[in-house]
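K.L.:
everything below, folded, please.
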Amino acid sequence: MNVLITLTTAGIDTGPFNLYSNVDSYVTAFQTNVAKSALVAGYLSTLVPAGTTYVRVKSTGLCTNYIDIYVTGSGTTTTTTTATPTTTSTTTTEVVTYYNVVLCGTSTPSVIRYNGPNNVTLGVVVQSTNGSCYTVSSVGTGPETVGTLLTQFASCGECQVAPPPTTTTTSSSTSTSTSTSTSTSTSTSTTTTTTTNILNTCEEWRNDTLEEATVTYTPCNTVTPVSNYALATTSSICAVFGSITVTVGGPLTLVGSCNTPAPTTTTTTATPTTTTTTSAPPSYYAFSLTAGAIDSSTACADSSAAITLYGSNISFLSNATFYNDYTLLSPYDGSDLYYKNVANNEYVQISSIGSQTAGGSC
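P.N.:
From the prediction side, this is the model:
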């Protein structure tokens, strides 16, 4: 192959240069001791191995930096212009290719942009930044009409046009328990289901060189970058699209898309609780009393039971309040009169609110 190689800039300490091809993974230089002045002026190499897509220009002087230059165009002579790294920096050339594509399920033609060092296989299905899926038909020319290529699939059926939405479902049920006791409790059961889809288009990159590469990238299914990762030769990583940067070594080979995990569903259910408090009915005691009298002596002289009152204490004189019935909820209006318990000849004075204000034995 005849390839015209031009360096737009070259560091002071660079040169002379050896030239390598990616055909043999940059093992053996196909041309050596090329002068810096020749490369800056534009050096036509006629010894480039057939099938070369990258030429590595490596300095052999005080500076041993190198740069991999992508070979573009077709025919017997290809002109590639780029910048050679200085002693302190490395310049990477972005390769942009346009492809003619057809929207899946239709015959509608479009043009898609691809940013990457390797060619896209014709006939594969790709997904664009607009979320739609297309079949690659041929190499095209820009500008793009449907965005930039994100990832590749084997068929239209595997290409997901749109990600599953994030769904939150909440259901509630209420139970109430009621008894004849004095308390009622109510509890609520809540079930919350949250579905989270981590939408990352992921690419598999492989180190096909003979040297270890150092990369910074964001692993698929995460949002946390990994810095200075040592990628051994023949090893690969699955990275979020556009997140990978090679800091040492390379270049890496784009293998294709890698799997994105299925949505994660977390379900939390709170078990309903029911608390029932049952209070025992109050203890009561009935007392047969005479009709009310104006004083204790008059009450003590009477022995006829006229009314029945109730109290909470078995000892007649120990009751602070007397009630109309056994529920002990309605105090008796005693009008400050005196009443005798015909069972044991004890008397009490009962106020208008049922309170005992005096008492004793007859």
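
K.L.:
now the end-to-end length of stretch 17-28.
P.N.:
Start-to-end span of stretch 17-28 (CA to CA, to the nearest Å) is 13 Å.

K.L.:
in it, what's buried?
P.N.:
Neighbour-count burial for stretch 17-28, counted by 16 or more other CB atoms under 10 Å, picks out 17-23, 26. (Each C-beta comes from the backbone N, C-alpha and C, glycine too.)

K.L.:
SS state for the nearest residue to C63 once chain neighbours are set aside?
P.N.:
In space, and not counting its chain neighbours, C63 is closest to D13: 4.3 Å by CB to CB, 6 or more residues apart in numbering. Following DSSP: H, G, I helix; E, B strand; the rest coil, the label given to D13 is coil.

K.L.:
tally up the residues packed near D13, please.
P.N.:
13 (other CB atoms under 10 Å).

K.L.:
which parts of the chain belong to which domain?
P.N.:
Here the domain parsing of the chain from automatic domain parsing is 2-82, 96-153, 202-261, 285-361.

K.L.:
what mean pLDDT does the third one get?
P.N.:
Here the mean pLDDT over domain 202-261 is 88, rounded to a whole number.

K.L.:
pick the one among the buried residues of stretch 17-28 closest to T135.
P.N.:
Checking the buried residues of stretch 17-28 against T135 with CB to CB, the nearest one is N22 at 28.4 Å.

K.L.:
show me where pLDDT drops low in this structure?
P.N.:
The model of the chain has pLDDT under 70 over residues 73-94, 117, 160-200, 259-281.

K.L.:
possible to save the domains of the chain as TSV with distance to C159?
P.N.:
Shown next, in TSV, are the domains of the chain (distance: least, CB to CB, whole Å):
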stretch	distance to C159
domain 2-82	27
domain 96-153	4
domain 202-261	9
domain 285-361	77
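
K.L.:
mind picking the two most distant members of the buried residues of stretch 17-28?
P.N.:
Most distant of these, by CB to CB, are F17 and V23, 18.3 Å apart.

K.L.:
would you map the strands across the stretch 251-362 of the chain?
P.N.:
Here the stretch 251-362 of the chain has its strands, by DSSP state E, counting those that start in this stretch, at 253-257, 264-269, 285-289, 307-311, 337-341, 346-350, 356-361.

K.L.:
what does the last one contact?
P.N.:
The reference is to strand 356-361. Identification of contacts with strand 356-361 by CB atoms under 8 Å, 6 or more residues apart in numbering yields 296, 317, 319-322, 336, 338, 345-351.

K.L.:
can you do 10 Å?
P.N.:
Here strand 356-361 makes contact (CB atoms under 10 Å, 6 or more residues apart in numbering) with 296, 300, 311, 316-322, 334, 336, 338-339, 341, 344-351.

K.L.:
buried ones among the residues you listed?
P.N.:
In terms of neighbour count (16+ other CB under 10 Å), the buried residues within the contacts of strand 356-361 are 296, 300, 311, 316, 319, 321-322, 334, 338-339, 341, 346-351.

K.L.:
rewinding a little: considering the buried residues of stretch 17-28, which is situated nearest to E204?
P.N.:
Nearest to E204 among the buried residues of stretch 17-28 is N22, at 18.6 Å by CB to CB.

K.L.:
okay, now the residue nearest to that closest one when sequence neighbours are not counted: neighbour count?
P.N.:
Nearest non-adjacent residue to N22, counting by CB to CB, 6+ apart: Y54, 4.1 Å away. Y54: 18 surrounding residues under other CB under 10 Å.
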